[in-house]
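Peer 1: just need the structure, nothing else, for what follows:
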Amino acid sequence: LNYEVLALQAGQLFFKKQDEKFGCLVEYFCYSPNPQSSQQNDLSSQITKFNVVLDNAIKRSLDVIGENQVWVPLSGGLDSRLVLSKLKEHGCQNLFSFSYGAIRNFEARTARRIAKMLDVPWVMIPAELGEARQLSLNKIRMDYENFAYGFSSIPAYTEFQVFYHASKHKIIPKGAFIVNGQTGDFISGGHIPEQLFKLGNVGNENEKREVLLNYILDKHFSMWTQLKTEENLEFISLQIERELVSKNNHLDNISNLIRQYESFEWRERQAKIVVHGQRCYDFFGYNWTLPLWDSEIINYFEKLPFDQKYQQAFFRAYLKSYNYKGVFRTLSAKPENWRWFQLWIVLIAQVVGILLGIEAKKYFYKKMLFFGFSRFQYELFGKVAYMKNVKNLRNMISLSLIDFLERQRLFQSKNKFMKKYWNH
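Peer 2: As a prediction, this is how the structure comes out:
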C-alpha cells in the first residue's frame, strides 16, 4: 500500500486515498493500563460491577452467535471455565465443550468434571501420533502456513492437529462458533512480573529500565539460547525501547513500569501470538468470538489498581464469589507432564541428579518432555529435530519458528545459523 508502511500493529489503521501519495497511519487503540482511584470501591461492590460488565460481554457474543452451535475448548484453567459457566448461565443453546491432547491428561480430567457439573456435553479429541507425523509433511499444513502467516507472526500450531481431526471426522460441524477463554489471565493481571511489582523504590530510573528490559528479553526473546548474544540482546533492547508507549514513559515508578510491560505484551505477544491463533479456526471453517477481549472488560481492567491485578487478586476473588454450580470451589488443576506409567522418568531423573548434578537432571527432563503429554505437538516437527536441538530450544514454538522460516525460504538452509543449529 505504501513504501513507508511495512506492517500494521494491533490498534492501528492506515488510510490512503487513491490520489494520495503517502496516506495516514492512525492509532485508534493502545492497551495502556491507567489505574483509577474510582475503582477502589469495597470488594463486594467491585464484584457486582464486574459481573455486570462480564454479563454484557457474554450477551454481545451470544448476539453474534445466534442459533449456531457453540464449542468451548475446556482446559483445567480458570478462563475457559468462566466462559463456559457464563454461557450456560445465560441459556446458550447448542452448547458443547471439548478437550484435546493425550488421553486422560490432567487438564482433560478436570475439564470432564467441570462439564459434568455444568451439565454441558463434553468431547475428548484425542491426539493421534500417527496423524501428527503425517501432518508434518502434508500439503494441508503448507496451505495453513500460507493462510495464517501474518508477516509479523508465524502460524500457531497448538491446536492445528486438533481442528484438523475435528474437521476431518466431523466432530465439530463447519460454521460452529469456537468460544475460548483467551486471554483472561493476561487481562486480569496474571502476567504482571513479580520482579517489577516488588521493585518498590529500589534503584534509579536507568536501573529500573534495565530490570524491565531484562525481564522482557528473558520472557519473550529466549526461543533459542545460542542466539542470546550480547550483540543481539543490545539490538533487541533498542527495538523494545522504541515500542514503549509515549505517554508516561518515565520508568521511575512502579505504575509506569507495569504499564509499559503490559502494553508491550499486549501488542507483541497477545495480539501477534495468542489472538492470531484464531486463524486456525478460520482455516478449518469455524467462526469464533473472544468474549474476554470485549472492550468493556478491557476498559474495566485498564482502570483497576495494580495491587488488585497482581497475581489476579481481584479476578480470583470474583471467581470464588461467583462459583457457578460450584465449579470454582477449586481454582486450578495440578499440572502433570507424564502419564502414570511414565513415572519411571521421575525416578531416573532423581538418580541422574544425585550422580551428575542438577543441570544434568534438568537436561534429562527436557529430553523426556518429547514423550510427555505434549508429544502430539512436538511430533509435527519430528523426534530427530527435537532431540538434536533440545539443548538450545525453549519449547514447541522454537521448532515451529525455525521450521517455518526454512519452509518459507526466509531462512535459507545455507545460512550459517541453519547449518549450525537446525538439524531436521
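Peer 1: contacts only, for residue 371.
Peer 2: Each residue near residue 371 by C-beta atoms under 8 Å, 6 or more residues apart in numbering is listed here: 342, 345. (C-beta placed from N, C-alpha, C; glycine too.)
Peer 1: which residues of the stretch 251-400 of the chain score low on pLDDT?
Peer 2: Residue ranges of the stretch 251-400 of the chain with pLDDT under 70: 251-252.
Peer 1: ok, now the stretch 1-150 of the chain?
Peer 2: By pLDDT under 70, the weakly predicted segments of the stretch 1-150 of the chain are 1-4, 38-40.
Peer 1: please enumerate the strands of it.
Peer 2: Here the stretch 1-150 of the chain has its strands, by DSSP state E, counting those that start in this stretch, at 12-15, 24-27, 70-73, 95-101, 122-126.
Peer 1: mind putting these into a markdown table with mean neighbour count and distance to residue 230?
Peer 2: Listed next are the strands of the stretch 1-150 of the chain as a markdown table, based on neighbours: other C-beta atoms under 10 Å; distance: least, C-beta to C-beta, whole Å:
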| stretch | mean neighbour count | distance to residue 230 |
| --- | --- | --- |
| strand 12-15 | 12 | 32 |
| strand 24-27 | 12 | 33 |
| strand 70-73 | 24 | 41 |
| strand 95-101 | 22 | 39 |
| strand 122-126 | 17 | 45 |
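Peer 1: quick one: which of those strands is nearest residue 241?
Peer 2: Of all these, strand 24-27 sits nearest to residue 241, with 18.0 Å by C-beta to C-beta.
Peer 1: the closest one packs against which elements?
Peer 2: Secondary-structure packing of strand 24-27 (3 or more C-beta pairs under 8 Å, 6 or more residues apart in numbering; DSSP states H and E): strand 12-15.
Peer 1: tell me the strands beside the strand it packs on, with direction?
Peer 2: Strand 12-15 has the following sheet partners, assigned by DSSP bridges: strand 24-27 (antiparallel).
Peer 1: circling back: wait, which of the strands of the stretch 1-150 of the chain is closest to residue 390?
Peer 2: Nearest of the strands of the stretch 1-150 of the chain (C-beta to C-beta): strand 95-101, 20.8 Å.
Peer 1: tell me which other helices or strands that closest one touches.
Peer 2: The contact analysis (3+ C-beta pairs under 8 Å, 6+ apart) places strand 95-101 against strand 70-73, helix 79-89, helix 106-118, strand 122-126.
Peer 1: right, and those - which one's nearest residue 29?
Peer 2: Using C-beta to C-beta, the helices and strands packed on strand 95-101 put helix 79-89 closest to residue 29, at 21.7 Å.
Peer 1: how about the helices in the stretch 301-424 of the chain?
Peer 2: Per DSSP state H, counting those that start in this stretch, the stretch 301-424 of the chain carries helices over the ranges 306-309, 313-322, 344-356, 358-368, 375-378, 383-389, 396-407, 416-421.
Peer 1: how about residue 324, what does it touch?
Peer 2: 85-86, 88-89, 118.
Peer 1: can I get the buried part of these as one ChimeraX selection?
Peer 2: A single ChimeraX command selects the buried members of the contacts of residue 324 (16 or more other C-beta atoms under 10 Å):
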select :85,86,88,118
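Peer 1: put together a markdown table for the contacts of residue 324, with distance to residue 310 on each row.
Peer 2: A markdown table is the format used below for the contacts of residue 324 (distance: C-beta to C-beta, whole Å):
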| residue | distance to residue 310 |
| --- | --- |
| 85 | 24 |
| 86 | 24 |
| 88 | 30 |
| 89 | 28 |
| 118 | 30 |
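Peer 1: report the longest helix in this protein, please.
Peer 2: The longest helix of the chain (DSSP state H) is helix 43-65.
Peer 1: report the buried residues of that helix.
Peer 2: Neighbour count says helix 43-65 has 46-47, 50, 54, 57-58, 61-62, 65 buried, by 16+ other C-beta under 10 Å.
Peer 1: mind listing residues that contact that helix?
Peer 2: Applying C-beta under 8 Å, 6+ apart, the contact partners of helix 43-65 are 39, 41, 82-83, 86-87, 90, 92, 177, 179, 287, 289, 291-292, 294, 296-297, 300, 308, 314, 317-318, 321-322.
Peer 1: start to end distance for stretch 179-189?
Peer 2: Distance across stretch 179-189, first residue to last, is 21 Å (C-alpha to C-alpha, to the nearest Å).
Peer 1: for stretch 237-256, that is, sorry about that
Peer 2: OK, stretch 237-256 end separation, C-alpha to C-alpha: 18 Å.
Peer 1: list the contacts for residue 139?
Peer 2: Residue 139 touches nothing, counting by C-beta under 8 Å, 6+ apart.
Peer 1: try the one 3 residues further on
Peer 2: Contacts here follow C-beta under 8 Å, 6+ apart; on that basis residue 142 touches residue 407.
Peer 1: any idea how far residue 309 is from it?
Peer 2: Distance, residue 142 to residue 309, using C-beta to C-beta, to the nearest Å: 41 Å.
Peer 1: repeat that for residue 367.
Peer 2: For residue 367, the distance to residue 309 - C-beta to C-beta - is 37 Å.
Peer 1: ok, these two, which is more surrounded?
Peer 2: The neighbour comparison of residue 367 against residue 309 (other C-beta atoms under 10 Å) goes to residue 309, with 24 against 14.
Peer 1: can you get me a residue count around residue 166?
Peer 2: Residue 166: 22 neighbours (other C-beta under 10 Å).
Peer 1: residue 13 contacts residue 28, correct?
Peer 2: Yes. Counting by C-beta atoms under 8 Å, residue 28 is a contact partner of residue 13 at 5.8 Å.
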